[in-house]
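In: Okay, sequence plus prediction incoming.
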Amino acid sequence: MDLNELKSAWNNFSSRDASSHQLDENAIRELLKTRTKNLVDTVERNIKIGFGILFLILLFLLGGNELISISMPEGYAIPSWLNWLDLFNVIVFGGTFIYFIVRYYSIRKNYSSISTLRDALNRIIKTLKIYKVLFNMALFFLLVVAVVEFITGMYAGAGISAETQGGRFADLNSQQLFWAILRGVAVLIFLVSLVFLLFRWGFNRLYGNHLQNLKATLKELDEIE
Amino acid sequence: MEKEFIKIVSDNQGIIHKVCSIYCDSEEDRRDLFQEILAQLWRSYSSFRSESKFSTWMYRVALNTAITSFKKDKRQPGQKGLSYENLQIAEENYDSETEDQIRQLHKAIGQLTGIEKSIVLLYLENKSYEEIAEITGITQNYVRVKMNRIKTKLKKYMQSEE
């Protein structure tokens, strides 16, 4: 069978195949009405959820110490090094939040009108990548925030406890406090790491193959050009 | 605008069916891809300018969607297509020689990658290199080189089948 025969086989097949699958206008209208979200739609929705999570973490960072301070007795304050740590976190997280928003909307803007296959591939690959990094970062931030707030809470709680028992913070057994904090942090790290690993596994299982195939297609496209 | 869109898509739906038949390996996949292409066409319809032919634009959107489409199973885009189910339709309608040719066509195209399938589909549809380049958004030079490679690949495959 040569290429001409291939062409004639195709003509034979495609015309009959198309007519056997022919839809009338009502069926097309119905399909349009019931259309489901495609991969990019779903991922973009999840990216927006990711932004929401990052924003909530940011709000919590901004207000977390205030909440703890309110419950503390007069004369007690959160140590300044924890406030500085929080400020540092706010700057890093806020910067990352803005970075993601700028990246995401620049992808959307640059590929708003998909005219070529390269554009379509680039858009999906970049969107998937930003999605992956965004959720990893959100989980990482969650871990950092949880650890910092946990230490703050333990510190403040120990101070309050000493005060109510008529003692002073300096009288507390610092070794016991240290081990209690360490145990708590270890549990937090374990839980968030578990969520992180689960998410990474889920992402790779769902989109890993697809992402690899898209990259291979883009590479094939770039082969000669 | 929707009415106009449905009318024009209905008149040209053969293009979507051809793309679906090349890229899908089951009726279910085919229905999903048809719907995804339709949704993508509708979404981009406002950006369609009459600078190019409607069919050119339709081929472009349909092929881009097919190559980049995502399935939750392990299907690799562009690695399958022209399924046995499709061939069963053929069995009902064709004589044995034609049926055999279609079976070979199916196997041969099944060897190609997603991009190669898009180029070979347009070649089988008698599109010129210029049109193929316009639809796929790649240079004519690339199309020519790629087409030569595809021909070699197909010939090699068909010789090994004989």
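Out: On my side now, so go ahead. Numbers count the residues shown, from 1 in each chain, chains lettered A, B, ... in the order given.

In: For the chain, give me the ranges with low pLDDT.
Out: With no chain named, the answer covers chain A. Within chain A, the stretches with pLDDT under 70 are A:1, A:35-37, A:64-79, A:110-115, A:167-172, A:224-225.

In: wrong chain, I was asking about chain B
Out: If you take pLDDT under 70 as the line, chain B has these spans: B:50-51, B:71-96, B:161-162.

In: 90 instead, please
Out: Applying pLDDT under 90 to chain B flags residues B:1-5, B:8-13, B:21-33, B:35-36, B:39-57, B:64-115, B:124, B:126, B:134-143, B:145-162.

In: What segments of it are helices?
Out: For chain B, helices defined by DSSP state H occupy the ranges B:2-11, B:13-23, B:27-44, B:54-68, B:84-93, B:96-110, B:114-124, B:129-136, B:140-161.

In: Likewise for chain A?
Out: Under the criterion DSSP H, chain A contains helices at A:3-20, A:25-33, A:39-70, A:80-110, A:117-164, A:174-203, A:209-222.

In: mind giving me CSV with those and columns for distance to residue B:46 and mean neighbour count?
Out: C-beta here means a position set from N, CA and C on the backbone, and glycine is covered the same way. Converted to CSV, those look like this (distance: least, Cβ to Cβ, whole Å; neighbours: other Cβ atoms under 10 Å in any protein chain shown):
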stretch, distance to residue B:46, mean neighbour count
helix A:3-20, 27, 17
helix A:25-33, 14, 14
helix A:39-70, 17, 15
helix A:80-110, 16, 14
helix A:117-164, 17, 18
helix A:174-203, 33, 13
helix A:209-222, 26, 17
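
In: want to throw those into CSV with distance to chain B?
Out: Listed next are the helices of chain A as CSV, based on distance: least, Cβ to the nearest Cβ, whole Å:
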stretch, distance to chain B
helix A:3-20, 4
helix A:25-33, 5
helix A:39-70, 4
helix A:80-110, 13
helix A:117-164, 4
helix A:174-203, 12
helix A:209-222, 5
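
In: Which among those helices is found nearest to residue B:62?
Out: Nearest of those to residue B:62, taken as Cβ to Cβ: helix A:117-164 at 11.4 Å.

In: Going by contacts, tell me the helices and strands next to the closest one.
Out: helix A:39-70, helix A:80-110, helix A:174-203, helix A:209-222, helix B:54-68 (3 or more Cβ pairs under 8 Å, 6 or more residues apart in numbering or on different chains; DSSP states H and E).

In: what about residue B:122, how many residues close to it?
Out: Burial of residue B:122 is recorded as 23 neighbouring residues (other Cβ atoms under 10 Å in any protein chain shown).

In: Could you verify my assumption that it touches residue B:133?
Out: No: under the criterion of Cβ atoms under 8 Å, residue B:122 makes no contact with residue B:133, lying 9.6 Å away.

In: re earlier: for residue A:140, find the nearest of the helices and strands packed on helix A:117-164.
Out: helix A:174-203 (7.3 Å).

In: Closest approach to chain B from chain A, which residue is it?
Out: residue A:116 (2.9 Å; Cβ to the nearest Cβ).
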